[in-house]
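K.L.:
need the 3D shape of this:
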Amino acid sequence: MTYKQLIALSASVWLVGCQTTKQSQSKNTVEPNYTVASSQDVYDALTVLALAEEEQEVIEQIPEFDDVWERIRYQLSIPVPQNRAVVAERNYYAKHQKYIDRIAKRGEPYLYYIVEEVEKRQIPIEIALLPIVESAFDPFGYSHRSASGIWQFMPATGERFGLKQNWWYDGRRDITESTRAALEYLTYLHKTLDGDWLNAIAAYNSGEGRVLRAIKKNRKKHLPTDFWSLDLPQETTQYVPKLLALSDLLARSEEFKITWNKIANKPAVELVNIGGQIDLAKAAAMADIPITDMYKLNPAFNRWATDPTGPHKLLVPVDKAYQFKAKLAKMDAKDRIRWQQYTVKSGDSLSKIAKQFDTSSDSIKTLNKLPNNTIRIGQQLFVPLSNGEIDNNLLSGQMRVAANNTVNRKKTHIVVSGDSLWKISRKYKVSTKDLMKWNKLSKNATLSLGQTLTVYQPAESSTIAGNISERTITYRVRKGDSLARIAGRYKVSVSDIMKWNGIAKNQYIQPGQKLKLKVDVKTG
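P.N.:
Presented below is the predicted three-dimensional model:
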């Protein structure tokens, strides 16, 4: 029975009135007794029917899409002003069809999932386009400011929204977890900034503190507080127009002769609960996909295996999920990773053994079901082994570099006599500006003895594939910049900058000029 038929039947019963039955004293006799419906009953019943028909009609009018881009286009809702900033960004994108093609190819495994999550939260569908602005859907995207993943989370912001970051795993690059965190963050910003989505998107780029200060400044001057009226950093004033330009280009792709290569409007991947640590090469073989594809779908993992302490889940192509789960169910726990037997010697500790075999204490504990870190001389341990073949030959340089960036570990500093922000920043090789940001301190803040400060530092660890940690970034020269100042900022030499960019000895750099810099992302 259809929804319409059910409502009609209910209404017809209502129109007839309330039926009661009497059980006759004589055997098997039932005598009905009818009550006539009032005029109000008739009116109410007809109203129910009309509303049901209207609702059904609306449902039937919602189209079915076979392309995710069309699904997004249908729901675009944020007005796009045709101002200079938006038009300039739109014209740029419109001239670069190859870039749009790359976006579609990179986003193909992820976009359906992101759209589903955006719709669940009933927030503007334009948010699903934000990873294009942030990272062009590069799962290993990394900025010189240490932002990582398709949503480009900074370490501290990632931690704030529950993204685990350690030697094994960086949740900022986890497709499902970073999407959750990004949408939670944007929803929070929307609420914090009085329901203004453009201001929320701007705050995602520059931080809510900066946008709130700009709003407060305008209010004092009795000026409007919409995005277009705020005094924000140049990067942010370009960031929001980029998103709006993409939205406009998607809405009017025929007009601008841009093609958005079709992405099937159905799940491309399935999230599988693996129940414990597993060697990613073995997982790839079980799913019958190349190891590089396994890392692209699960870019959060920095090593040869998943994190022994979780999360215990992997994204696999939806058409490979059944066979993967079937093989996983039959696999013995000790076959999940490569291992060798090791006999504990005098002076050994779990951390020492872990370092020797390029693994972690947690992984050894998990494999051997140890309740704590206590081991004894002569004890036989199973020690996980990394797969050298994967590390050296199969992973792209981009993947190797991404693994090297995880590792901004959280440290705690207790203020002692004689400490200052400058002195602490020198000790940990970070900037005073970062120290103030991490600990919400003002410029003139006074430190007190025993005060606890949070410090984020790159951890010293080997990468997923050797010691490659260099990444090329593009730097736009600002007013007042010099080669020496830029070199100092990125810890490179002036001569290297000149060599990388073909700059002659007596040649000056100009504001707006773009320079290529090869930065060590562990310290850059």
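K.L.:
just name the shakiest helix or strand of this structure by mean pLDDT.
P.N.:
Least confident helix or strand, the chain: helix 388-389 with a mean of 36, by mean pLDDT, DSSP states H and E.
K.L.:
just the buried residues of stretch 276-292, please?
P.N.:
Using 16 or more other C-beta atoms under 10 Å as the test for burial, stretch 276-292 gives 276-284, 286-287, 289, 291. Bear in mind the C-beta positions are built from the backbone N, C-alpha and C, glycine included.
K.L.:
convert it to PDB, retaining C-alpha atoms only.
P.N.:
Output of stretch 276-292 as PDB, limited to C-alpha atoms (Å, rounded to 0.1, in the frame of the first residue of the first chain):
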ATOM      1  CA  GLY A 276      43.200  -4.500  14.800                       C
ATOM      2  CA  GLN A 277      46.600  -3.600  13.300                       C
ATOM      3  CA  ILE A 278      47.300  -4.900   9.800                       C
ATOM      4  CA  ASP A 279      50.200  -4.600   7.300                       C
ATOM      5  CA  LEU A 280      48.900  -2.300   4.600                       C
ATOM      6  CA  ALA A 281      50.700  -4.300   1.900                       C
ATOM      7  CA  LYS A 282      48.700  -7.400   3.000                       C
ATOM      8  CA  ALA A 283      45.500  -5.400   3.200                       C
ATOM      9  CA  ALA A 284      46.100  -4.100  -0.400                       C
ATOM     10  CA  ALA A 285      46.700  -7.700  -1.600                       C
ATOM     11  CA  MET A 286      43.500  -8.900   0.100                       C
ATOM     12  CA  ALA A 287      41.500  -6.100  -1.500                       C
ATOM     13  CA  ASP A 288      43.200  -6.800  -4.800                       C
ATOM     14  CA  ILE A 289      44.300  -3.200  -5.300                       C
ATOM     15  CA  PRO A 290      47.800  -1.700  -5.700                       C
ATOM     16  CA  ILE A 291      49.500  -0.600  -2.500                       C
ATOM     17  CA  THR A 292      49.600   3.000  -3.800                       C
END
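K.L.:
numbering from 44 from now on, please.
P.N.:
I'll keep to 44 as the first residue from here, and by that count the last item is stretch 319-335.
K.L.:
what does it rub up against?
P.N.:
Residues outside stretch 319-335 that contact it (C-beta atoms under 8 Å, 6 or more residues apart in numbering) are 317, 336-338, 341, 344, 347-351, 355, 357, 359-360, 363-364, 366-367, 370-371, 374, 376, 378-381, 406, 409-410, 427, 430, 432-433, 437-439, 442.
K.L.:
which ones among the residues you listed lie within strands?
P.N.:
357, 359, 360, 427 (DSSP state E).
K.L.:
by pLDDT, give me the weakest of these.
P.N.:
Note: of the ones in strands among the contacts of stretch 319-335, the lowest pLDDT belongs to residue 427, at 78.
K.L.:
for that one, grab the count of nearby residues.
P.N.:
Residue 427: 24 surrounding residues under other C-beta atoms under 10 Å.
K.L.:
again, but for residue 557
P.N.:
9.
K.L.:
now the nearest residue to residue 173 once chain neighbours are set aside: which helix or strand?
P.N.:
Take residue 173 and drop its neighbours on the chain: the residue closest to it by C-beta to C-beta, 6 or more residues apart in numbering is residue 286, 6.2 Å away. For residue 286, the element it lies in under DSSP states H and E is helix 277-294.
K.L.:
next, the buried residues of that helix.
P.N.:
Neighbour counts using 16+ other C-beta under 10 Å place 279-293 of helix 277-294 among the buried residues.
K.L.:
for residue 561, pull up the helix or strand it's in.
P.N.:
Take DSSP H and E as the rule and residue 561 turns out to sit in strand 557-563.
K.L.:
which residues does the closest residue in space to residue 179 that isn't next to it in sequence contact?
P.N.:
Leaving aside its sequence neighbours, residue 179 sits nearest to residue 146 (C-beta to C-beta, 6+ apart; 5.8 Å). Each residue near residue 146 by C-beta under 8 Å, 6+ apart is listed here: 175, 179, 180.
K.L.:
for residue 210, state which of the residues you listed is nearest.
P.N.:
Of all the contacts of residue 146, residue 180 has the smallest distance to residue 210: 26.2 Å, by C-beta to C-beta.
K.L.:
could you dump the ones in strands among the contacts of stretch 319-335 to JSON lines with distance to residue 550?
P.N.:
Formatted as JSON lines, the ones in strands among the contacts of stretch 319-335 follow (distance: C-beta to C-beta, whole Å):
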{"residue": "357", "distance to residue 550": "51"}
{"residue": "359", "distance to residue 550": "52"}
{"residue": "360", "distance to residue 550": "51"}
{"residue": "427", "distance to residue 550": "53"}
